[in-house]
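1. compute the structure for the input listed below.
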Amino acid sequence: MNPVTLLPFIVLIGAMFLMTRSAKKKQAAAANMRNEMQPGTGVRTIGGMYATVKELHDDTVLLEVAPGVHAIYAKNAIGAVLDDAEYNRIVHGDVEELDVDGTVVPDDASSLTETADEDTSDEAKTDLVKKTGTDDAEPADDKADKKSEGKADGETDAK
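-> Numbering: from 1, shown residues only. You can find the predicted model right below:
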């Protein structure tokens with residue numbers, strides 16, 4: 001056989017090997033994360049529910065979903081083990097001090113449109129209101145003439 005004909009098969013087998021290798025690494029990392037759980041740790045399930053670990057068993061975990069509400073989950077259903085700061089930020093809404101470099105986004109847009117000088121000159125301002133009067137509207141016949149100007153039936157601008 002010619003080595004050139006074997007090349008696609010070799011590349012395909014190599015790609016499959018690399019994909020299975022990375023998948024095994026991800027599974028090992030997830031298993032290691034689940035083994036690091038301890039009672040009192042905040043977790044997120046694969047369904048997106050946040051809870052606190054109460055008890056650990058061989059294949060199951062007892063989670064406290066809300067105060068006094070417990071649920072038993074499989075260890076494989078734990079999607080992420082969260083650190084205390086992140087869990088409190090998500091679940092309890094605890095906001096830590098944000099490091100801001102002096103740039104603060106205002107709560108309303110009025111401070112963005114006001115000028116510091118407060119010019120009251122008679123400058124023409126842009127009118128953003130839709131005009132409802134028929135004064136400025138073109139007659140329907142003119143619009144139809146402009147639309148079909150220079151084109152036969154079925155022709156378009158596309159080339």
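
2. just checking, what packs against the longest helix along the chain?
-> When the chain is parsed with DSSP state H, its longest helix is helix 3-35. Under the contact definition 3 or more C-beta pairs under 8 Å, 6 or more residues apart in numbering; DSSP states H and E, helix 3-35 sits against strand 78-82. The C-beta positions use only the backbone N, C-alpha and C, and glycine is treated the same way.

3. strands paired with the strand it packs on, and their directions?
-> Sheet partners assigned to strand 78-82 using DSSP bridges are listed as strand 42-45 (antiparallel).

4. avg pLDDT for the longest helix of the chain?
-> Over the span of helix 3-35, the pLDDT mean works out to 87.

5. and the angle from that helix to strand 78-82?
-> 60 degrees (axes from the mean of the first three to the mean of the last three C-alpha atoms, to 10 degrees).

6. where does K143 land on pLDDT?
-> 54.

7. and if you look at I78?
-> 90.

8. which residue ranges of this protein form strands?
-> Assigned by DSSP state E, the chain shows strands spanning 42-45, 50-56, 60-66, 69-74, 78-82.

9. want to throw these into a markdown table with mean neighbour count and distance to I10?
-> Output for those, formatted as a markdown table (neighbours: other C-beta atoms under 10 Å; distance: least, C-beta to C-beta, whole Å):
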| stretch | mean neighbour count | distance to I10 |
| --- | --- | --- |
| strand 42-45 | 20 | 41 |
| strand 50-56 | 17 | 46 |
| strand 60-66 | 16 | 44 |
| strand 69-74 | 13 | 40 |
| strand 78-82 | 17 | 37 |
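
10. okay, the ones you listed in CSV with distance to N2 next?
-> Output for the strands of the chain, formatted as CSV (distance: least, C-beta to C-beta, whole Å):
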stretch, distance to N2
strand 42-45, 53
strand 50-56, 58
strand 60-66, 56
strand 69-74, 52
strand 78-82, 49
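
11. quick one, which of those is nearest to L128?
-> strand 50-56 (43.4 Å; C-beta to C-beta).

12. quick one: contacts of the closest one?
-> 37-45, 61-65, 70-71, 82, 87, 90-91 (C-beta atoms under 8 Å, 6 or more residues apart in numbering).

13. recalculate using a threshold of 7 Å.
-> Residues outside strand 50-56 that contact it (C-beta atoms under 7 Å, 6 or more residues apart in numbering) are 37-44, 61-65, 70, 87, 90-91.

14. that older thread, tell me which of the strands of the chain sits nearest to A30.
-> For A30, the closest of the strands of the chain is strand 78-82, at 8.6 Å, according to C-beta to C-beta.
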